[in-house]
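Engineer: Quick one: sequence and predicted model below, then my questions.
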2 protein chains.
Amino acid sequence: MKLEKITTKTKRRYEDSCGTAHALDLVGERWALLVMRELMLGPRRFSDLRANLPGVSANVLTQRLESLEGSGVLRRRKLPPPASVQVYELTEWGLEAEPIILSLGRWGARSPLQDDSLPISAMSAILSMRAMFDPARTEEKLDMTLAFHFDQDAYTVNVREGRLTAERGEADEVDVEIRGSPSDVLGVVYGLSSLEEAERAGMLTVTGDRAGFLRFASAFELPPKACA
Amino acid sequence: MKLEKITTKTKRRYEDSCGTAHALDLVGERWALLVMRELMLGPRRFSDLRANLPGVSANVLTQRLESLEGSGVLRRRKLPPPASVQVYELTEWGLEAEPIILSLGRWGARSPLQDDSLPISAMSAILSMRAMFDPARTEEKLDMTLAFHFDQDAYTVNVREGRLTAERGEADEVDVEIRGSPSDVLGVVYGLSSLEEAERAGMLTVTGDRAGFLRFASAFELPPKACA
DNA sequence: CTGTATCCGTGTTGATACTG
DNA sequence: CAGTATCAACACGGATACAG
């Protein structure tokens, strides 16, 4: 017979030593992985997170951040003055969860039930490209820097030696600059709409190496939907 | 102002078109991925699932199976007489979720908080090997068939051309046969305890190509824990 | 024996309002 | 801006009862 736990801290855990089960103990709660998604490209503040996670309420976000901090997935840090704001950032190990998020993304993209009309965060768009990038699809080897300007946020994407990396912010020298909403940009990158149409509809603006951007886009293929 | 939803079907969804978020809509509920884990090597019945998922209650398991069936991840099938029992099996697409489960497992294995003393299902042990197998770690090329006899369940593992595959049941010709509990077997495979010690303690029995099994075990490395 | 349905206590979630 | 407080609705887990 077990002793009663004195603390009422009855955290719900899978009593299973399987690594998968343990991972779910840590990041399986609602919102946890999406919070991590938003942090994959560097630290952000509370309200950035809230703004990019449609529907999360402040109290739940607080709880999730506490719990992820407690398990060593992220840490909170106070930026030095004059900024002096608090930000949340993934630990090294938290950053290593990227394959989880990408494999979920690749799998979810094949769902017959997905609704593409919902909003998508800038971070999701970048990670989606990271998940779907396949350098083997291009004839020539890609080597370029792209600047994506979503509504507020700017991201820099580098393609070097068959690898796609991304960071927040603007780089100095870019080959091509793309402006538009995350979903419109993804639409063109994945070949769901042509660049010309998107430009004519005013959804997108491409300046710089236009042909390079088209070659970039040809490296992506949306997987077929699983049969319904 | 939104109209009230008339249907009381308030399914909690992330209103987010990100593939990751959608995947979590489908398999992010408690137990869902662990149910899928148990089905990764073929169909099983309700009570097999229950027996291998410590703590799941019958009603929750029923709900999860319904919901996963509804989203096309698994289907229920009635085996032909004389068996005539109902089994649950993953669809093709459901099977493609394996990378999710493996990446979670690899990540969770690095957690400083994991408790190895908990029970582990036979299926988890097999999937764990699939997640951690690294053929580059062996000098010679492995090519062998192993029979794992866990408490009740037998699994056959094939290593061919640097790939590890597994199936439930016994094969006709095996090179080596390993008997023991899932956790004791994993302990030896991952080098946490030596084969000799484990055998002396009566935890393990290896019959057949013993050296082959040791070479097999050398293809695995447990990743280091993330700093606590 | 194999599931399914129903009740119930508890914990989690999410919306709103509120505070430093 | 960065969270707390409160509260209602829901999900979870356990027990039990039921159906084939």
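Structural biologist: Ah, there it is. For clarity, every value in this text was computed on a predicted model and none was experimentally measured.

Engineer: Are we agreed that residue A:148 is in a strand?
Structural biologist: Yes - per DSSP: H, G, I helix; E, B strand; the rest coil, residue A:148 lies within a strand segment.

Engineer: ok, now how distant is the closest residue in space to residue A:223 that isn't next to it in sequence from residue A:225?
Structural biologist: Of all residues not flanking residue A:223 in the chain, residue A:110 sits nearest, at 5.1 Å (CB to CB, 6 or more residues apart in numbering or on different chains). Using the backbone N, CA and C atoms, a C-beta is placed for each residue, glycine as well. Here residue A:110 is placed at a distance of 6 Å from residue A:225 (CB to CB, to the nearest Å).

Engineer: So for those two, which residue has more residues nearby?
Structural biologist: Neighbours per residue (other CB atoms under 10 Å in any protein chain shown) separate residue A:110 from residue A:225, with residue A:110 holding more: 18 against 13.

Engineer: Could you check which helix or strand contains the residue nearest to residue A:223?
Structural biologist: Under DSSP states H and E, no helix or strand contains residue A:110.

Engineer: wait, what's in contact with it?
Structural biologist: Applying CB atoms under 8 Å, 6 or more residues apart in numbering or on different chains, one finds that residue A:110 lies in contact with A:223, A:224, A:225, A:226, B:93, B:96.

Engineer: again, only using 6 Å
Structural biologist: With contact taken as CB atoms under 6 Å, 6 or more residues apart in numbering or on different chains, residue A:110 is in contact with A:223, A:225, A:226.

Engineer: thinking again about what came up before, anything in contact with each of residue A:110 and residue A:225?
Structural biologist: Common contacts of residue A:110 and residue A:225, defined by CB under 6 Å, 6+ apart, are absent altogether.

Engineer: What residue spans form the domains of chain A?
Structural biologist: A:19-96, A:122-217 (automatic domain parsing).

Engineer: what's the average pLDDT for the first one?
Structural biologist: Regarding domain A:19-96, the rounded mean pLDDT is 93.

Engineer: Check the offset of that domain from the chain's centre.
Structural biologist: Between the centre of domain A:19-96 and the centre of its chain there are 13 Å (CA atoms, centre = their mean, to the nearest Å).

Engineer: wait, does it contact DNA strand C?
Structural biologist: Yes - against DNA strand C, domain A:19-96 shows contacts by CB under 7 Å from any atom of the strand at A:29, A:30, A:31, A:55, A:56, A:57, A:58, A:59, A:60, A:63.

Engineer: Which one of those is nearest to chain B?
Structural biologist: Nearest to chain B among the residues of domain A:19-96 next to DNA strand C: residue A:55, at 5.7 Å, using CB to the nearest CB.

Engineer: close to DNA strand D, is the lengthiest helix in chain A?
Structural biologist: Assignment by DSSP state H gives helix A:58-70 as the longest helix of chain A. Yes - Helix A:58-70 is in contact with DNA strand D by CB under 7 Å from any atom of the strand, via A:58, A:59, A:62.

Engineer: could you check whether that helix is close to chain B?
Structural biologist: No - contact between helix A:58-70 and chain B is absent, the nearest approach being 9.2 Å (criterion: CB under 6 Å from any CB of the partner chain).

Engineer: how far away is the residue nearest to residue A:223 from residue B:192?
Structural biologist: 37 Å.

Engineer: Name the nearest residue to residue A:138, sequence neighbours excluded.
Structural biologist: Distance criterion CB to CB, 6+ apart; nearest residue to residue A:138, sequence neighbours excluded, is residue A:219 at 4.9 Å.

Engineer: burial count for that neighbour?
Structural biologist: 19.

Engineer: do you know which of the domains of chain A lies nearest residue B:215?
Structural biologist: Using CB to CB as the measure, domain A:19-96 is the one of the domains of chain A that comes nearest residue B:215, at 23.7 Å.

Engineer: how far does that closest one stretch from start to finish?
Structural biologist: 15 Å (CA to CA, to the nearest Å).

Engineer: and residue A:55, what element?
Structural biologist: Per DSSP H and E, there is no helix or strand for residue A:55.

Engineer: gap between it and residue A:67?
Structural biologist: 19 Å.

Engineer: Neighbour count: the two, which is higher?
Structural biologist: residue A:67 (17 against 12).

Engineer: Show the residue spans covered by the strands in chain A.
Structural biologist: Taking DSSP state E as the test, the strands found in chain A are A:74-78, A:86-90, A:144-149, A:154-160, A:163-168, A:176-180, A:204-208.

Engineer: so the longest one versus strand A:144-149, what angle?
Structural biologist: So the one you mean is strand A:154-160. Orientation check (axes from the mean of the first three to the mean of the last three CA atoms, to 10 degrees): strand A:154-160 against strand A:144-149 gives 160 degrees.

Engineer: One more: the second one?
Structural biologist: Between strand A:86-90 and strand A:144-149, the angle formed by their directions is 140 degrees, by the same axes, to 10 degrees.

Engineer: what does the fifth one give?
Structural biologist: An angle of 30 degrees separates the directions of strand A:163-168 and strand A:144-149 when computed by the same axes, to 10 degrees.
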